[in-house]
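Q: dropping a prediction and its sequence here:
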Amino acid sequence: MDMNTNLPSYLDQSEAVKNRFDRLKQREVILEVKQLGKVYKTAKGEVTALKNINFKTHRREFVCVIGPSGCGKSTLIRILAGLEPHTSGDVLLDGKPVTGPGRDRGMVFQGYTLFPWLSVRKNVMFGLEMNNASADEAGKEADMWLELVGLEKFANAYPHELSGGMKQRVAIARALVNQPRILLMDEPFGALDAQSRAKMQTHLLEIWRNVDVTILFITHDLDEAIFLADRILVLKAHPGEVQELIEVPVPRPRSVRDFTSPEFLATKARLEALIHPPKTLAEKDAEDEAITQRMIRFVNIEDNVE
Ligand SMILES: Nc1ncnc2c1ncn2[C@@H]1O[C@H](COP(=O)(O)OP(=O)(O)OP(=O)(O)O)[C@@H](O)[C@H]1O
């Protein structure tokens, strides 16, 4: 119990939660990241984006990655996707080194990456047809995944006819149709309004419960990370390093009611302390002053609003 807040410790786990974690850790390891490092060479010198990153994800685990801007979240997911080479360490998927993009990893990004000229169904079929599936086979598979994401009625619609949340559901179906070992999601709901975002979070948990897939999900929204994750990888910036790997003590299945539970709030308080460490008044004043000094004045000096 934290005496200042009357919240339990985020490290306290109920029997049920503890047992679930024990079971999860017995599952096989899908992704293993060992001593991973990334240094970018720029005109101004070297930038260490990631340093000594170590973690494992087990089959059907849901891991969120969170951290301040510039901590290397996007670099990490791009390396895992095989879109960016790393400079040290290893990334192993099912024990084999990742050397480039592959069908064993599905990707969902924030920007809507659907082909605008293809119908929803054709968008989902695309990956399968590229891998030589017949149109008939690909169509059947696509219909099955569209049903799973609740979009079977929109199979013949085009992306511009869909809401942001629906587009991301198509993107999820398109990633899952290849039956990847891991789904890599980079702020997939970042562009949605708060209501659609909440719906998509619940929807994603429902999909995850029904599909044999492991999820690595990047977000900078603390509530989203706690609501979704089994474990949260908290990174710090400059250089991007692991601060802590938090086991979320909120039981499953989860619902919107959990957002105010003591376990949820205790975890949030811990994340806030790690990501937004409290500043002194003098530090805040210095920040305000820096903003004031940078501001160019576009109005006459006598024309004051204060
Ligand atoms: N192509 C690049 N060349 C040089 N430096 C880079 C490159 N991409 C990223 N960086 C640097 O690496 C660090 C990590 O960047 P990255 O975009 O991975 O962080 P992030 O956590 O995703 O940030 P944000 O949340 O703001 O998107 C930053 O210091 C960034 O400036």
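A: That came through fine. Numbering: from 1, shown residues only.
Q: quick one: the strands in the stretch 101-250 of the chain?
A: Taking DSSP state E, counting those that start in this stretch to define them, one finds strands in the stretch 101-250 of the chain at 105-109, 182-186, 214-218, 231-236, 241-247.
Q: okay if I get those strands as CSV plus mean pLDDT?
A: Output for those, formatted as CSV (pLDDT from 0 to 100):
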stretch, mean pLDDT
strand 105-109, 93
strand 182-186, 97
strand 214-218, 98
strand 231-236, 97
strand 241-247, 97
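Q: nearest to residue 34, of those?
A: Distance to residue 34, taken as CB to CB, is lowest for strand 241-247 among the strands of the stretch 101-250 of the chain, at 12.2 Å. Backbone N, C-alpha and C define where each C-beta goes, glycine included.
Q: does any part of the closest one sit near the ligand?
A: No. Applying CB under 6 Å from any ligand atom, one finds strand 241-247 separated from the ligand by no less than 11.6 Å.
Q: could you list every helix and strand that that strand packs against?
A: Applying 3 or more CB pairs under 8 Å, 6 or more residues apart in numbering; DSSP states H and E, we find strand 241-247 packed against strand 45-58, strand 231-236, helix 262-275.
Q: again, only this time at 10 Å
A: Contact here means 3 or more CB pairs under 10 Å, 6 or more residues apart in numbering; DSSP states H and E; on that basis strand 241-247 packs against helix 15-26, strand 29-42, strand 45-58, strand 62-66, strand 231-236, helix 262-275.
Q: please enumerate the helices of the stretch 101-250 of the chain.
A: If you assign secondary structure with DSSP state H, counting those that start in this stretch, the helices in the stretch 101-250 of the chain sit at 120-130, 135-148, 164-176, 194-210, 222-228.
Q: who in the stretch 51-200 of the chain is up against the ligand?
A: For the stretch 51-200 of the chain, the contact set with the ligand under CB under 6 Å from any ligand atom comprises 67, 69, 70, 71, 72, 73, 74, 75.
Q: alpha carbons only: can I get the lowest-mean-pLDDT helix or strand in the chain in PDB?
A: Considering only helices and strands, the least confidently modelled element of the chain by mean pLDDT, DSSP states H and E is helix 281-294, at a mean of 77. In PDB, the C-alpha atoms belonging to helix 281-294 read as follows (Å, rounded to 0.1, in the frame of the first residue of the first chain):
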ATOM      1  CA  LEU A 281       8.400  24.800  -9.700                       C
ATOM      2  CA  ALA A 282      11.700  26.300 -10.700                       C
ATOM      3  CA  GLU A 283      12.000  23.800 -13.600                       C
ATOM      4  CA  LYS A 284       8.500  24.600 -14.800                       C
ATOM      5  CA  ASP A 285       9.200  28.300 -14.600                       C
ATOM      6  CA  ALA A 286      12.300  27.800 -16.700                       C
ATOM      7  CA  GLU A 287      10.300  25.900 -19.300                       C
ATOM      8  CA  ASP A 288       7.700  28.700 -19.500                       C
ATOM      9  CA  GLU A 289      10.300  31.300 -19.800                       C
ATOM     10  CA  ALA A 290      12.000  29.400 -22.700                       C
ATOM     11  CA  ILE A 291       8.600  29.400 -24.600                       C
ATOM     12  CA  THR A 292       8.000  33.100 -23.900                       C
ATOM     13  CA  GLN A 293      11.500  34.000 -25.200                       C
ATOM     14  CA  ARG A 294      11.100  32.000 -28.400                       C
END
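Q: would you reformat the helices of the stretch 101-250 of the chain as a markdown table and include mean pLDDT?
A: Compiled in a markdown table, these are given as follows (pLDDT from 0 to 100):
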| stretch | mean pLDDT |
| --- | --- |
| helix 120-130 | 93 |
| helix 135-148 | 94 |
| helix 164-176 | 95 |
| helix 194-210 | 94 |
| helix 222-228 | 97 |
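Q: out of those helices, flag the one nearest residue 297.
A: Proximity of the helices of the stretch 101-250 of the chain to residue 297 was assessed by CB to CB; the nearest stretch is helix 194-210, lying at 34.8 Å.
Q: tell me what that closest one is packed against?
A: Helices and strands in packing contact with helix 194-210 are listed as strand 62-66, helix 135-148, helix 164-176, strand 182-186, strand 214-218, helix 222-228; criterion 3+ CB pairs under 10 Å, 6+ apart.
Q: make a markdown table from those and add mean neighbour count to it.
A: What follows is the helices and strands packed on helix 194-210, written out as a markdown table (neighbours: other CB atoms under 10 Å):
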| stretch | mean neighbour count |
| --- | --- |
| strand 62-66 | 25 |
| helix 135-148 | 17 |
| helix 164-176 | 23 |
| strand 182-186 | 24 |
| strand 214-218 | 24 |
| helix 222-228 | 22 |
